[in-house]
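1. coords below, sequence missing:
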């Protein structure tokens, strides 16, 4: 958990927003979006399926990469404060234990209940053990281990001279390179294809944003990133989001999205570029907006930020069984998506605060 002071409260508020969006993304997959999840209620309503897929495409483009960036930003200071041994121990406690618990307890429990008690209705066939959405925690743990070993054994020290935040041309070059690397990776591993617990199609962005976060943390970029640059890149991303329906319609994505997911196709190159520019533009824009407008917290925001991490870990069973409980309610898929989101998000935070955080030793881990 980040230290609570006014200087970084906007980061805590961003974490709340990102956690909520991840929950809603999984609910969107439940009701028609492309993607992998535990429980589905697919419909033949093309409009709702398209809109939900667009929603997940936008959220996927920036949310998890933003999480990696934020986490990495505070990693150098944490490492220097704790030292190698204590740093590794803390990461094992806060990341390793939740991952193992989810892999061997929560994931099997969800699938057992769905497949056995509920007779496997609308359930994706999966192995009993698995990380679920905690592939992110697993990846973050690996990234932290690599950084710690590199920093610990390289004997690097802070230098007095700090690098300036990236300029627009630096960001543009980064996005062009990222777009082509995504395209190349997806020739062999399309989006949606898993390699053990990972989707290689998205890892160029995750890795590069984590590295960017490390560099940013050592050079205090969060304090100095220009507001004008953030707003300009946000305009770029919003323009690309508005163009997405036309891209999908005129490129044939409405009928078949597979050419966009990977392979040596112009659609894959187009989507790889759209995803990179949209995601980084949203990250830059949200960052400067929250830094300026939302660098404060009331009681509710404080409670939510204190529970954001456990909510991320424990939200799958909550929204899966909430969605299942209203499966017989006749409602348009978009309305069901909104209903489960409006009911499910507060329920996740309430369960975290009044149940999960009351478990012995939970506060030390979460």
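-> In hand now; what should we look at? Just so it is clear, the model here is predicted, and its values are computed rather than measured.

2. where does residue 44 land on pLDDT?
-> Residue 44 carries a pLDDT value of 84.

3. list the contacts of residue 270.
-> 247, 251, 260 (C-beta atoms under 8 Å, 6 or more residues apart in numbering). Where C-beta positions appear, they are placed from N, C-alpha and C, glycine not excepted.

4. mind checking how far the residue most central in space within the chain is from residue 140?
-> Geometric centre of the chain, nearest residue: residue 64, 2.4 Å, by C-alpha atoms, centre = their mean. When C-beta to C-beta, to the nearest Å is the yardstick, residue 64 and residue 140 sit 10 Å from each other.

5. my read: the residue nearest to the centre of the chain touches residue 206, true?
-> Yes - contact criterion C-beta atoms under 8 Å: residue 64 and residue 206 qualify, at 6.8 Å.

6. surely residue 278 meets residue 243?
-> No - Residue 278 is not in contact with residue 243 according to C-beta under 8 Å; the separation is 9.7 Å.

7. ok, the two, which is more surrounded?
-> A direct count of neighbours by other C-beta atoms under 10 Å for residue 278 and residue 243 places residue 278 higher, at 25 against 12.

8. show me where the stretch 151-300 of the chain has its helices.
-> 168-188, 203-219, 221-224, 227-250, 258-261, 266-293, 299-325 (DSSP state H, counting those that start in this stretch).

9. wait, the stretch 1-150 of the chain
-> Under DSSP H, counting those that start in this stretch, the stretch 1-150 of the chain gives helices at 9-30, 46-73, 75-91, 97-101, 107-112, 135-154.

10. what's the closest of those helices to residue 266?
-> With C-beta to C-beta, the closest approach to residue 266 among those belongs to helix 46-73: 17.7 Å.

11. just to revisit the earlier point, burial measure for the residue nearest to the residue nearest to the centre of the chain when sequence neighbours are not counted, as a count.
-> Spatial nearest neighbour of residue 64, excluding adjacent residues (C-beta to C-beta, 6 or more residues apart in numbering): residue 136 at 5.9 Å. By other C-beta under 10 Å, 21 other residues sit near residue 136.

12. ok, now residue 151?
-> Residue 151 has 17 neighbours, counted by other C-beta under 10 Å.

13. kindly report the same for residue 47.
-> Number of residues near residue 47 (other C-beta under 10 Å) recorded here: 11.

14. look up how far residue 261 lies from it.
-> On the measure of C-beta to C-beta, residue 47 and residue 261 end up 21 Å apart.
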